[in-house]
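# Model the following, please.
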Amino acid sequence: MKGNEYNITYPEACKILKKSKRTVSRYIKSGWLNPERIESKRGTLEYRFSRSDLLKFKKPKKIKQARPESDIVAFLKEQIKVKDEQIKELQERSRETNIMFNRLQNQLLLTGDKEAKADKKGQGINGFFKRLFKGER
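Residues are numbered from 1 along each chain as shown. Predicted structure coming up:
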């Protein structure tokens, strides 16, 4: 044991930090808090915290980053930035594609009437019989 220095219980630490038990548990797992682990009379694991450690942790640091960030989190943040840029590029390409598609549609609509009139010439009854008997000879 580290003496009387570690005499604050888990619920008291939560009150001092003004955090839930789950949040304090996350702080312990991530290594931001290092309480003393002791076995209770019942045989269960209990934490004891140092008041000075809790107060140091509670104080906001003047540095921009208050708590250490793992390499994985930093990597994932960088990946999010890269993916955001890729999404922006794809959105721009999609917008350009839609513009080109609309222009092509407009051109087809303008030339579509001429082709439709040309197709209607051979569609009467005579055109039907011509197509029907075209293959026989």
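
# what's the distance between the lengthiest helix in the chain and the middle of its chain?
Among the elements of the chain assigned as helix by DSSP state H, the one spanning the most residues is helix 71-120. Between the centre of helix 71-120 and the centre of its chain there are 23 Å (CA atoms, centre = their mean, to the nearest Å).

# and that helix, what does it pack onto?
Under the contact criterion of 3 or more CB pairs under 8 Å, 6 or more residues apart in numbering; DSSP states H and E, the helices and strands touching helix 71-120 comprise an empty set. For every residue, glycine as well, the C-beta is placed using N, CA and C.

# What mean pLDDT does that helix get?
Averaging the model's pLDDT scores along helix 71-120 yields 84.

# now swap in stretch 29-37 and tell me
Regarding stretch 29-37, the rounded mean pLDDT is 88.

# Mind listing residues that contact it?
Outside stretch 29-37, the residues within contact range by CB atoms under 8 Å, 6 or more residues apart in numbering are 1-2, 6, 10, 13, 24, 27-28, 45-50, 53-54, 57, 67-68, 70.
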